[in-house]
Each structure stands twice: as structure tokens, then as C-alpha cells.
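*Asks:* Generate coordinates for the sequence data below:
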Amino acid sequence: MRIFIIFLFSTFLFADVIDTYRYYGIQKTIKEIEKKLQSEKYWLKKLKNIDVKYGYFENPTFILFCNKITRTLQVNLYKKGKLKNLTTFNNVIVGKLGDKQKEGDLKTPIGNYTLINKIKPSNTFYGPLAFVTSYPNLFDKLNKKNGYGIWIHGKPLDGERGDLSKGCIVLNNDEIKHLDTLINYKKTVLEITQNPIYARKDDIAKILALIYKWRDAWRKSDLKKYLAFYSQQTFKRSNGMDFKQFKEYKKRVFDSKKGQKIDIYFRNIQITPYQNVKNLPIYKVEMYEEYLSPTYVFKGNKEIYLQKFGNQFKIIVEK
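*Replies:* As a prediction, the model looks like this:
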């Protein structure tokens, strides 16, 4: 408890919060902090001097931004709210224009991915090294896209190749080696686009406030409020459930949790504008979740996608 109080004072240096603790104690203070976390105004103030062009990141993150039209790959470092361009590779080779839909269509996918491995290809056609991407991601799979083996790699070690990719992002061999010196692939996100979508600060603030409102309904097993955060028309869960099936499932879960003390914590939140050919206002949210209840404990990564309908965001995909 002592460490928690020190954290509160060092993180939320607001006179009203400190006075609340002085006059009413820790429980009242926690309630006041929860109100702030659910407030767009609080998050807009917190984001005031933070660059969110490519998204919001709570930890240092490398951001690769590939534009298929301009054939560029920007390498950026996001750290402590500041964005720094480390280099930009020009004239990169990419696949056909349009979004990848199926194996063999020779298109480089449009979307947001992570780098899941760094390898030395056994086939010299792919150059000295390659970064393996997470395509197809959850959003791709639920939208019935397929294919695999989308890499960032070099050029043949023993011969020339044409100026067309089968779907990968291809750099010169000196460039792929240079990229390896610039990034930690385990802390890198990749955004691939044709018509760039950049994050809006008011959208990020709205999403952060929504996350904590959603968490509050979840902790209290308030089914009606909880389900209000989901799109009834377009929601899909990672296991294939639609909204109706998900509602029935959550009703059973929430009924079994009535009266239980539930704690939910989110860390390492990442919010990125999801690149898509229709330029829909979609954001991808990834974070580390701790769910603690007397009957169930979960500690692991959480992934959700939100789309803006009018002035409100709704969850359209969840894992």
C-alpha cells in the first residue's frame, strides 16, 4: 500500500487529488483517480506535448512506416512522447498496389504488423537477412485474408531480380543490414499503407478514456454498460463469435462473477491508426492485461480494434 501511495503522488500531482487523500483517505483518492482516467479532458492534457502522428506508445518503440505509392520505408524511434526519424529508405521494392487478399496475388498487405523474427534465409534469393512480419494478423484472419511469408528482406546474393515483389518489402542488401543496426525488431511496429492514415490527438484521448470506462464496467460485471462499448453490427471475436454469441457468453461469465472482487490492470498500451484501403477511422490497441478474480487469473497480451461511428468509438474486433 505504501508503494502504491507513493506512485499516486508521483504520477498524479494534482492538488485536488492530494487534498482528497488528506481529507478522505486512499479509497476516495482511488475513486477520484478512476474518474480522471475515464476523462477525455485528462488525456488531452496528458497528450498535449506528445507526438501521436503514428500512434501512442507507453514504451520506447521503433516504427517502420512503408508507403507503397512513394515506395519509401521510414524508420522512426518513439521515445518519451517524442518522434525521431532515424532514416528513410527510398525506391524500396513492394508488391502490386491494393490490399493483399489471398496467397499468390503478389500484393504487399496494407495494415499494422509486428516483426516476429529475424532470420538468415536459407535461399540466397532473399539476401543476407530478413525480418518476418506478423501477417496475417487477427484483423486479416477475421476478414478472411490468407497467405503467409511476408518479410522485409534483401536482394539476391548471386544475381539480379526484377523490380517487383511477390508481396514482401525489399531493400538493397546494405540497407537491410543498416536497418538491422537501427532497430530492435522485438520492439518494432510496421505500418504499411497506400494513402497514409495518421492518428488524431482527440481520437487517442477518446480511446484512452474509453478503455478505462470499459474496464470499469468489466470490473463491476455491469453487462449492459460493458456491451455498449461493442459494435452490434460488425463485432467479431478472435474465436469467430459475433455480437449475439458474445453477449450470451458474457452474460454467463458476468453472472458467475457477481459479488466477486475483480481487479484489471493495463500496461504498455499501444494505440496505432490502422492502415486500410477504405481509409476508415480504425485504431488498433495492444496492451498487457492482468485480470485477477477469485476464480480466474489471466496475465497476457490483449488486442482490440476500434472503429469510429459518428463521434463514438466501438470495439469491432477483440482477442
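*Asks:* Tell me where the model's unsure across the stretch 51-200 of the chain.
*Replies:* 161-164 (pLDDT under 70).
*Asks:* Tell me which stretches of it form helices.
*Replies:* Assigned by DSSP state H, counting those that start in this stretch, the stretch 51-200 of the chain shows helices spanning 138-142, 173-182.
*Asks:* Which of these sits closest to Lys36?
*Replies:* Closest of the helices of the stretch 51-200 of the chain to Lys36 is helix 138-142, at 30.8 Å (criterion: Cβ to Cβ). In this view, the C-beta of every residue, glycine as well, is placed from N, C-alpha and C.
*Asks:* any idea which of the helices of the stretch 51-200 of the chain is most buried?
*Replies:* helix 138-142 (a mean of 18; mean count of other Cβ atoms under 10 Å).
*Asks:* distance between that helix and the chain's centre?
*Replies:* Distance of helix 138-142 from the chain centroid (Cα atoms, centre = their mean, to the nearest Å) equals 14 Å.
*Asks:* max-length strand in this protein?
*Replies:* strand 297-309 (DSSP state E).
*Asks:* what sits up against it?
*Replies:* 138-139, 203, 207, 210, 231, 234, 238, 266, 274, 280-291, 313-319 (Cβ atoms under 8 Å, 6 or more residues apart in numbering).
*Asks:* swap in stretch 79-97?
*Replies:* 49-51, 53-54, 60-61, 63, 66, 68-69, 71-78, 105-108, 163-171, 175, 178-179, 182, 194.
*Asks:* circling back: so for the longest strand of the chain, what gets flagged as buried?
*Replies:* By neighbour count with 16 or more other Cβ atoms under 10 Å, strand 297-309 contains the buried residues Lys302, Glu303, Ile304, Tyr305, Leu306, Gln307, Lys308.
*Asks:* now the fourth one: how far from Tyr265?
*Replies:* In this case it means Tyr305. In this structure, Tyr305 and Tyr265 are 21 Å apart, going by Cβ to Cβ, to the nearest Å.
*Asks:* Tabulate the buried residues of strand 297-309 (TSV), appending distance to Leu44 and pLDDT.
*Replies:* Listed next are the buried residues of strand 297-309 as TSV, based on distance: Cβ to Cβ, whole Å; pLDDT from 0 to 100:
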residue	distance to Leu44	pLDDT
Lys302	24	97
Glu303	25	97
Ile304	21	98
Tyr305	23	98
Leu306	18	98
Gln307	21	98
Lys308	16	98
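*Asks:* Which of the residues you listed sits closest to Glu32?
*Replies:* Lys302 (25.6 Å).
*Asks:* Could you pull up the contacting residues of Gly147?
*Replies:* Per Cβ under 8 Å, 6+ apart, neighbours of Gly147: Lys100, Lys102, Glu103, Gly104, Asp105, Pro109, Tyr135, Pro136, Gly167.
*Asks:* Swap in 7 Å and give it another go.
*Replies:* By Cβ atoms under 7 Å, 6 or more residues apart in numbering, the contact list for Gly147 reads Lys100, Lys102, Glu103, Pro136, Gly167.
*Asks:* try Tyr113
*Replies:* With Cβ under 7 Å, 6+ apart, Tyr113 has these contacts: Thr133, Ser134, Tyr135, Asn137, Leu190.
*Asks:* And those residues, which two are furthest apart?
*Replies:* Asn137 and Leu190 (10.4 Å).
*Asks:* If you count surrounding residues, which of those two has more?
*Replies:* Counted by other Cβ atoms under 10 Å, Asn137 and Leu190 do not tie: Leu190 has more neighbours, with 25 against 21.
*Asks:* Correct me if wrong: the more buried one contacts Leu115.
*Replies:* Yes: using Cβ atoms under 7 Å, Leu190 is in contact with Leu115, at 6.4 Å.
*Asks:* what touches both of those two?
*Replies:* Counting by Cβ under 7 Å, 6+ apart, the shared contacts of Leu190 and Leu115 are Thr133.
*Asks:* Out of the contacts of strand 297-309, which end up buried?
*Replies:* 138-139, 203, 207, 210, 231, 266, 274, 282-287, 289, 291, 313-319.
*Asks:* Now intersect the residues you listed with the helices, please.
*Replies:* Leu138, Phe139, Asp203, Ile207, Leu210 (DSSP state H).
*Asks:* Now distance to Asp255 too, for the residues you listed, in a markdown table please.
*Replies:* Below are those laid out as a markdown table (distance: Cβ to Cβ, whole Å):
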| residue | distance to Asp255 |
| --- | --- |
| Leu138 | 28 |
| Phe139 | 30 |
| Asp203 | 34 |
| Ile207 | 29 |
| Leu210 | 25 |
